[in-house]
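Visitor: Quick check, what structure comes out for this input:
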Amino acid sequence: MTTSHSLSPGADAPPVISGKDAGKIARAAFVGTALEWYDYYLFGTAAALVFNRLFFTNMDPTAALLASFATFGVGFAARPLGAMIFGYIGDRYGRRPALLMTIVMIGAATAFIGLLPDFGSIGLAAPILLAVLRLVQGLAVGGEWGGAVTMAVEHAPVEKRGRYAALVQVGSPVATLLASGAFSLVLLFPSEAFDAWGWRIPFLAAFPMLGIALWIRLKVEESPIFKDLLAQGETSKVPAFEVFRHAAGRLLVAVLAALLGVGGFYMITTFAVSYGSNTLKVDRNVMVNATLVAAVAQIGVTFLMGRLAEKIGPGKVTMWGGIISALAAFPLFALIDTKSPLLITLAITVGIMLIAVAYAVNGALLTELFPPKLRYSGVALGYNIAGATSGFMPLLATAMLGVSGNQSWGAALILAIISLLTAVGGFLGERLRVQDKQLVGDNSAR
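Guide: Next up is the predicted model:
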């Protein structure tokens, strides 16, 4: 595969990349991504605390929880298809139109979940409609993240890509704060009120948030690198096919590198919240509030790792993040098993901080695994195949509780395995990075 790509606003000169534009675009990508992940994480929290009781009420508690997590996993299964659809749009017609479509889809799907009648009102139609809306969420998220980091990176000078890609990643902890914070507030309602209408409020809040994010995204300019591809007639006709045909090895590395950031996160949040509240009988507010503390810590780690990636390379950061997370997996779940609110908060916070080491640089690493003409599709497919694989980890970990006698070692083992796989992805990814040739404008980032 070619390791550089000559791009030109004129004859063969590479395009001018403005650092000032990079900051503006990255901030816009961050806002949109924060909304996307707010919607997505909201569903994860509700799957652990609400949907198992209100949408699968004809099952015993364990089966209901498994069905709830299966619905949660449907969104992940849809993500590779979304990556192919929006990757096609993004690599063929532009990053900007793809990102506008994804944000509308996920915002609308989330808000409509807040309007869904429960099982007691419409019977089996309730979980079916819930699964359909989750499917729409998954399709949209399949194209969202890949497009957001591609836009941020392609507007940034090569030597400053780590920090701008990391800014997009900050959308994740901010979304966790918004989603967990919203649920913490509505959990203050009496149980009857929470079940009747309180849980719906965070979902309905997606309506005004969508309006704000869409307004911001409409101001985003198209990537200068894509504009040049279009001008030169170098766009791919079927980018996903070309990724599988010509960059399958790079795609596999991207999947490995992204596993921990997606799967590990949901093991420490979605599964841990469910395990703590349903199995250990810890107050659910303790579990949800622990994710709030962890999200604040994750923001700082993400910025630091973005800068570190510029110095030593995102692949090395990913590798060490995976190794350290693997070593910490069993001790972290042992702390959760103590049922101590303080130690549970410590475990979830440290766990998220360690996972954030690799996650912070996912955007910088994955975008440099693929040439510009295949970048949106390659990044989206790599990240979302990882998501489709690891999105079912909470379901698998919950099922393993029955095998382990409600012990957490099965969950710790899953976390350790995906951590080591990500370490391998980081090691290989650092050696496969490509760089775009570009000119840096006079107003480069300071």
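
Visitor: which ones are touching the closest residue to Ser277 other than its chain neighbours?
Guide: Computed as CB to CB, 6 or more residues apart in numbering, the closest residue to Ser277 that is not its neighbour in sequence is Arg284, at 4.1 Å. In short, each C-beta sits where N, CA and C put it, glycine included. Contact analysis of Arg284 by CB atoms under 8 Å, 6 or more residues apart in numbering lists Leu49, Leu187, Val273, Gly276, Ser277.

Visitor: Now do whichever strand or helix holds the third one: which elements does it pack against?
Guide: Read it as Val273. Using DSSP states H and E, Val273 maps to helix 272-274. In terms of contacts (3 or more CB pairs under 8 Å, 6 or more residues apart in numbering; DSSP states H and E), helix 272-274 is packed against helix 284-312.

Visitor: what about the helix it packs on, distance to the chain center?
Guide: Computed by CA atoms, centre = their mean, to the nearest Å, the chain-centroid distance of helix 284-312 equals 14 Å.

Visitor: With Arg307 as the reference, measure out to Ala166.
Guide: Here Ala166 is placed at a distance of 8 Å from Arg307 (CB to CB, to the nearest Å).

Visitor: Tally up the residues packed near Gly402, please.
Guide: 11 (other CB atoms under 10 Å).

Visitor: now Gly23
Guide: Gly23 has 19 neighbours, counted by other CB under 10 Å.

Visitor: So it is in contact with Lys160, correct?
Guide: No: at 9.5 Å, Gly23 does not count as touching Lys160 under the criterion of CB atoms under 8 Å.

Visitor: Now do the buried residues in the one helix or strand Ala416 maps to.
Guide: Here Ala416, judged by DSSP H and E, is contained in helix 409-432. Buried residues in helix 409-432, counted by 16 or more other CB atoms under 10 Å: 410-416, 418-430, 432.

Visitor: Stretch 310-328 too?
Guide: Within stretch 310-328, the residues that count as buried by 16+ other CB under 10 Å are 310, 313-326, 328.

Visitor: Over to stretch 208-228?
Guide: Judged by neighbour count (16+ other CB under 10 Å), stretch 208-228 contains these buried residues: 209-210, 213, 216-217, 220, 222-228.

Visitor: now those as TSV including distance to Glu36?
Guide: As requested, those are exported to TSV (distance: CB to CB, whole Å):
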residue	distance to Glu36
Met209	10
Leu210	10
Ala213	8
Ile216	13
Arg217	11
Val220	14
Glu222	20
Ser223	19
Pro224	24
Ile225	23
Phe226	21
Lys227	24
Asp228	27
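
Visitor: taking those one by one, which sit in helices?
Guide: Counting by DSSP state H, the part of those found in helices is Met209, Leu210, Ala213, Ile216, Arg217, Pro224, Ile225, Phe226, Lys227, Asp228.

Visitor: Return the closest of those with respect to Gly261.
Guide: Ranked by distance to Gly261 (CB to CB), these are led by Ala213 at 21.9 Å.

Visitor: Wait, that closest one touches Val31, no?
Guide: Yes: using CB under 8 Å, Ala213 is in contact with Val31, at 5.7 Å.

Visitor: coming back round to it: specify which member of the buried residues of stretch 310-328 is nearest to Ala67.
Guide: For these, the minimum distance to Ala67 (CB to CB) is 29.4 Å, reached by Ser325.

Visitor: okay, that closest one: pLDDT?
Guide: Note on Ser325: pLDDT of 96.

Visitor: quick one, what contacts it?
Guide: By CB under 8 Å, 6+ apart, Ser325 lies in contact with Leu260, Gly264, Gly351, Leu354, Ile355, Val357, Ala358, Leu415, Ala416, Ser419, Thr422.

Visitor: And for Phe189?
Guide: The neighbours of Phe189, taking CB under 8 Å, 6+ apart as the test, are Gly198.

Visitor: Regarding it, what is its secondary structure?
Guide: coil (DSSP: H, G, I helix; E, B strand; the rest coil).

Visitor: For Gly162, give its distance to Ala309.
Guide: Going from Gly162 to Ala309 by CB to CB gives 4 Å.

Visitor: report the angle between the axes of the helix or strand where Tyr376 lies and helix 409-432?
Guide: Tyr376 belongs to helix 375-390 when elements are defined using DSSP H and E. Angle between the axes of helix 375-390 and helix 409-432 is 160 degrees (criterion: axes from the mean of the first three to the mean of the last three CA atoms, to 10 degrees).

Visitor: Buried residues, the following helix or strand past helix 375-390. List them.
Guide: The first helix or strand that comes after helix 375-390 along the chain, using DSSP H and E, is helix 393-404. By neighbour count on 16+ other CB under 10 Å, the buried set for helix 393-404 is Met393, Pro394, Leu395, Leu396, Ala397, Thr398, Met400, Leu401.

Visitor: Does the last one touch Tyr275 like I think?
Guide: In this case it means Leu401. Yes: counting by CB under 8 Å, Leu401 touches Tyr275, with 7.4 Å between them.

Visitor: ok so, going back, check which helices and strands the helix holding Tyr376 sits against.
Guide: Other helices and strands packing on helix 375-390, by 3+ CB pairs under 8 Å, 6+ apart, are helix 61-92, helix 125-154, helix 239-246, helix 248-259, helix 362-367.

Visitor: Now do the buried residues in the fourth one.
Guide: Going by neighbour count (16+ other CB under 10 Å), the buried part of helix 248-259 is Arg250, Leu251, Val253, Ala254, Val255, Leu256, Ala257, Ala258, Leu259.

Visitor: of these, closest to Ser191?
Guide: Leu259 (37.1 Å).

Visitor: and the closest one, what does it touch?
Guide: Leu259 makes contact with Ala386, Thr389, Ser390, Ile418, Leu421, Thr422, Gly425 under the criterion CB under 8 Å, 6+ apart.

Visitor: contacting residues for the second one?
Guide: Think Thr389. Phe76, Val255, Leu259, Gly263.

Visitor: that older thread, can you tell me the average pLDDT over the helix holding Val273?
Guide: 84.

Visitor: Nearest the geometric middle of the chain, what residue?
Guide: By CA atoms, centre = their mean, the chain has its centre lying nearest to Val262, at 5.9 Å.

Visitor: Next up, the contacts around that residue.
Guide: Residues counted as contacts of Val262 (CB under 8 Å, 6+ apart) are Tyr383, Ala386, Gly387, Ser390, Gly391.

Visitor: For it, grab phi and psi.
Guide: Main-chain dihedrals, Val262, degrees, to the nearest 10: phi -90, psi -60.
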